[in-house]
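# fold the following and give me the result.
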Amino acid sequence: MAIAKFPSVVIDCPDAAALASFYAGLFGWEVEGKGDWFDIRPSDGSNCISFQQVDVYQAPVWPGQTIPQQMHLDMVVEDLDKGEEVALSMGATKADHQPGETFRVFLDPAGHPFCLCLS
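Coordinates of the predicted model:
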């Protein structure tokens, strides 16, 4: 028997409001929060990603492990080129190292890797 539902991911970052806005824009979700904690959710409330501001933040170094990636999100898109265009226009950076052909690796504005994937 399940004892919990609706798991969420909490992402540490240097500016919780800014990073929540970045991901909310990618997903088309709403931003809620204040201070050092922000959540994003779809209009039906079925999912949640939270952003926690931390004072001493070190961005991961990808693909190296000097500072491990700590976490990453994979997001499915219908068109990699269009997805890339939107992500870059919102402040993402395309990673130099691209290890596959069915997905692309980007860094969010706080330096966390994320992937846009075809499936």
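# switch to C-alpha atoms for all contacts and neighbour counts from now on
Fine.
# list of residues touching the longest helix along the chain?
Using DSSP state H, we find that the single longest helix of the chain is helix 16-27. Outside of helix 16-27, the residues within contact range by CA atoms under 8 Å, 6 or more residues apart in numbering are 13, 30-31, 33-34, 36-42, 50-53, 86-87, 90-91, 108-110.
# what do you get for stretch 112-119?
Here stretch 112-119 makes contact (CA under 8 Å, 6+ apart) with 59-60, 62, 69-80, 83-84, 102-108.
# tell me the buried residues within the contacts of helix 16-27.
Neighbour-count burial (16 or more other CA atoms under 10 Å) is assigned, among the contacts of helix 16-27, to 13, 30-31, 36-41, 50-53, 87, 90, 108-110.
# what about those residues, which are in strands?
Judged by DSSP state E, strands contain the following of those: Cys13, Glu30, Val31, Trp37, Phe38, Asp39, Ile40, Arg41, Ser50, Phe51, Gln52, Gln53.
# quick one: residues contacting the second one.
For Glu30, the residues meeting the contact criterion (CA under 8 Å, 6+ apart) are Ala24, Ile40, Arg41, Pro42, Ser43.
# bridged to it, which residues?
Arg41 (DSSP bridges).
# now swap in the fourth one and tell me
The residues listed as beta-bridge partners of Trp37 by DSSP bridges are Lys34, Gln52.
# fine by me, we can end here.
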